[in-house]
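Trainee: generate a structure from the sequence data that follows.
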Amino acid sequence: MAKKVEKKLKLQIPAGKATPAPPVGPALGQAGINIGDFVNRFNNDTKDMGGDIIPVEISVYGDRSFDFVLKTSPASRMLLKAIAKPKGSGKNLVTKAGVVTQKQLEEIAEKKLEDLNTNDIKQGAKIIAGTARSMGIEVKG
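Mentor: Below you'll find the model as predicted:
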């Protein structure tokens with residue numbers, strides 16, 4: 001018989017850098033998860049992903065065991081990496097934070113395709129372009 005999921009947690013943790021310190025430790029402790037076990041498994045699974053922020057969905061079962069699913073980095077983080085800036089524009093209509101090309105949008109959409117609600121890279125690029133515009137990033141081409 002399949003285990004019953006008691007809780008679901010969603011966290012965003014830098015790849016390969018999970019620690020028992022806040023905010024990760026307290027969130028896992030409240031759910032009854034072995035913090036050290038999660039930190040070791042997460043860091044081993046994400047050590048090759050650089051310093052990207054990795055969203056993770058953790059399913060906690062009744063016997064305090066757990067499974068987790070790694071998602072792709074948020075589109076906003078990928079866009080900031082593409083323009084090499086730490087953050088977007090606070091006033092997206094007035095000041096622009098940077099410029100991305102259509103090719104860069106398609107590359108990001110290709111990486112994020114499994115998390116987007118489309119199967120077409122061109123449509124995915126349009127979704128990513130909307131995120132870029134809302135961050136004050138100009139889309140060229």
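
Trainee: remind me what the longest helix anywhere in the chain packs against, helices and strands.
Mentor: Assignment by DSSP state H gives helix 121-134 as the longest helix of the chain. Here helix 121-134 touches helix 75-83, helix 102-112, strand 137-140, going by 3 or more C-beta pairs under 8 Å, 6 or more residues apart in numbering; DSSP states H and E. Backbone N, C-alpha and C define where each C-beta goes, glycine included.

Trainee: of the ones you listed, which is nearest L93?
Mentor: Nearest to L93, of all the helices and strands packed on helix 121-134, is strand 137-140, at 11.4 Å by C-beta to C-beta.

Trainee: list of residues touching the closest one?
Mentor: Applying C-beta atoms under 8 Å, 6 or more residues apart in numbering, the contact partners of strand 137-140 are 79, 83, 88-89, 96-102, 105, 129, 132-133.

Trainee: narrow those to those that are buried.
Mentor: 79, 83, 88-89, 96-98, 100, 105, 129, 132 (16 or more other C-beta atoms under 10 Å).

Trainee: before we move on, what SS does the residue nearest the centre of the chain have?
Mentor: By C-alpha atoms, centre = their mean, the chain has its centre lying nearest to S73, at 3.1 Å. Recorded secondary structure, S73: coil (DSSP: H, G, I helix; E, B strand; the rest coil).

Trainee: could you list the buried residues of stretch 113-131?
Mentor: Residues of stretch 113-131 classed as buried: 116, 121, 124-125, 127-129, 131 (neighbour count, 16+ other C-beta under 10 Å).

Trainee: okay, now the domains of this protein?
Mentor: Using automatic domain parsing, the domain parsing of the chain gives 5-70, 75-140.

Trainee: other residues contacting the helix or strand hosting E6?
Mentor: Using DSSP states H and E, E6 sits within strand 5-14. With C-beta under 8 Å, 6+ apart as the test, strand 5-14 has contacts from 23-24, 27-28, 31, 42, 51-62, 74.
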